[in-house]
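Asker: my questions are about this predicted structure, shown below with the sequence.
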Amino acid sequence: MVPSRHIVRNTLVNLHGTPCSEPLSTVEDYVSHHPVLARVPSEGFRLIGETLGRSFYIVSEPGMKLISSLTTALHEFHEDGICVSSFDESNLVVSNDTREMLFHPIKPHKIKLPQNLPTDVFVSPGLSVFPDTGRLKFRDVEFEQSSPTGIRANYLDAHAFITKKLLQPEIPAPDDIKHLLKLMKSPESATMGPLLSRHASVVCMGQRLGLAMTYIPYIRQLLPCIDQTAEAMILKEMPYLDDWTERAKKNKLLELFFNHRPDKTRVDAAGFLDFYYYVSINRMKWCRSHWFKPGGGYTPDEIETVKTLTYPELMPTIQEALWRMNHLEKAHVS
């Protein structure tokens, strides 16, 4: 059975039982009002701790939701044993919010509705629909039995859609999104569904702390006890090993964390992960402090943005390394 939440519903009714269309926008119209890439610093937001006057581009929260809804839909299709025959921008629309309550209509032969109700009393004409604004949905597509070739073709179609319709050719794509796009074109993409559907590049800033708190303790504390070979291989794959300390010192906020971490001498991969974890677990103590910043400190999302822009490929690389060593799902379970 096709997961219906990823497909446009053609038969909805309002509270009075009148047929209604599902609230939708074209991808072009939605992206024109909600750009996929956001510049940092921007008006009303500055990159805290930045000392060199640099600017960065990051995937916006609406952009993350668009891309993650697509990869999640494809993964759920494939888990259910089906593939989309093929798709492009003409087969994708964006769900919108609506002030009107909408329902999946109840088939008359399945339930008998009460009669002669007062004029101000209504009976729900079906199951309530709660539009999840900003998610991509498929329309006018056909499905076929899942196969490695079909799954890979789906991810190649997704790659083409993201690069042509969501990203902007005049703006360099952020490194974390480049990592996702690289995986989509990989010959191994047919087996990468769990990795692609939860890729770090499209996890909203409010949830990124959970990535560090899940993966780094697993690598640093559990793997040495259960799989030392995997630990060594994963540490070997870590990015920024030549310059992660210099990157930290280019941002006043990260430099402060760097200078206060317990082990200042370890600069290898293990030291890098320990530093990143130290920033994550201490961000509230330092950044909410009135001593650190008079007036209330910094927000958690600001800290996650600084970490992401300084080390954009760290979390995606950790995910891929865990997946290749067959530990990605185990890390989440742990």
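Answerer: Thanks, I have the structure now.
Asker: what stretches of the stretch 201-334 of the chain score poorly on pLDDT?
Answerer: For the stretch 201-334 of the chain, the stretches with pLDDT under 70 are 284-298.
Asker: swap the cut-off to 80 and go again
Answerer: Within the stretch 201-334 of the chain, the stretches with pLDDT under 80 are 262-265, 283-300, 334.
Asker: which parts of the stretch 51-200 of the chain are strands?
Answerer: With DSSP state E, counting those that start in this stretch as the criterion, the stretch 51-200 of the chain has strands at 56-59, 82-84, 92-95, 102-105, 126-129, 136-138, 143-145.
Asker: flag every buried residue along the first one.
Answerer: Read that as strand 56-59. F56, Y57, I58, V59 (16 or more other C-beta atoms under 10 Å). C-beta: built from backbone N, CA, C; applies to glycine.
Asker: contacts for stretch 307-321?
Answerer: Outside stretch 307-321, the residues within contact range by C-beta atoms under 8 Å, 6 or more residues apart in numbering are 40, 47, 56, 58, 174-176, 179-180, 183, 195, 198-201, 205, 208, 211-212, 215-216, 219, 233-234, 237-240, 244, 247-248, 250-251, 254, 276, 279-280, 328.
Asker: and V84, how far from E237?
Answerer: V84 is 32 Å from E237, where distance means C-beta to C-beta, to the nearest Å.
Asker: give me the more crowded residue out of these two.
Answerer: Remark: of V84 and E237, V84 carries more neighbours, 23 against 15, as counted by other C-beta atoms under 10 Å.
Asker: helices of the protein, start to end?
Answerer: Using DSSP state H, the helices found in the chain span residues 27-33, 61-79, 148-161, 175-184, 193-196, 208-217, 223-226, 228-236, 244-249, 252-260, 269-287, 300-310, 314-324, 328-333.
Asker: dump the ones you listed to CSV, plus distance to R9 and mean neighbour count.
Answerer: Formatted as CSV, those follow (distance: least, C-beta to C-beta, whole Å; neighbours: other C-beta atoms under 10 Å):
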stretch, distance to R9, mean neighbour count
helix 27-33, 18, 14
helix 61-79, 14, 21
helix 148-161, 22, 19
helix 175-184, 28, 20
helix 193-196, 25, 20
helix 208-217, 32, 18
helix 223-226, 45, 14
helix 228-236, 43, 15
helix 244-249, 47, 17
helix 252-260, 46, 17
helix 269-287, 40, 19
helix 300-310, 33, 21
helix 314-324, 33, 22
helix 328-333, 31, 15
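Asker: in a markdown table: those helices, plus distance to Q168.
Answerer: Formatted as a markdown table, these follow (distance: least, C-beta to C-beta, whole Å):
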| stretch | distance to Q168 |
| --- | --- |
| helix 27-33 | 9 |
| helix 61-79 | 11 |
| helix 148-161 | 14 |
| helix 175-184 | 12 |
| helix 193-196 | 22 |
| helix 208-217 | 23 |
| helix 223-226 | 39 |
| helix 228-236 | 34 |
| helix 244-249 | 26 |
| helix 252-260 | 28 |
| helix 269-287 | 30 |
| helix 300-310 | 18 |
| helix 314-324 | 21 |
| helix 328-333 | 31 |
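Asker: so which of these comes closest to F138?
Answerer: With C-beta to C-beta, the closest approach to F138 among the helices of the chain belongs to helix 61-79: 6.9 Å.
Asker: how about the contacts made by the nearest residue to L273 once chain neighbours are set aside?
Answerer: Once flanking residues are discounted, L273 sits nearest to I216: 5.1 Å by C-beta to C-beta, 6 or more residues apart in numbering. Shown in contact with I216 (C-beta under 8 Å, 6+ apart): L273, D274, Y276, Y277, S280, I318.
Asker: one more pass at 7 Å, please.
Answerer: Counting by C-beta atoms under 7 Å, 6 or more residues apart in numbering, I216 touches L273, Y276, Y277.
Asker: measure it to N251 for me?
Answerer: To N251, I216 is 20 Å away according to C-beta to C-beta.
Asker: that'll do, ta.
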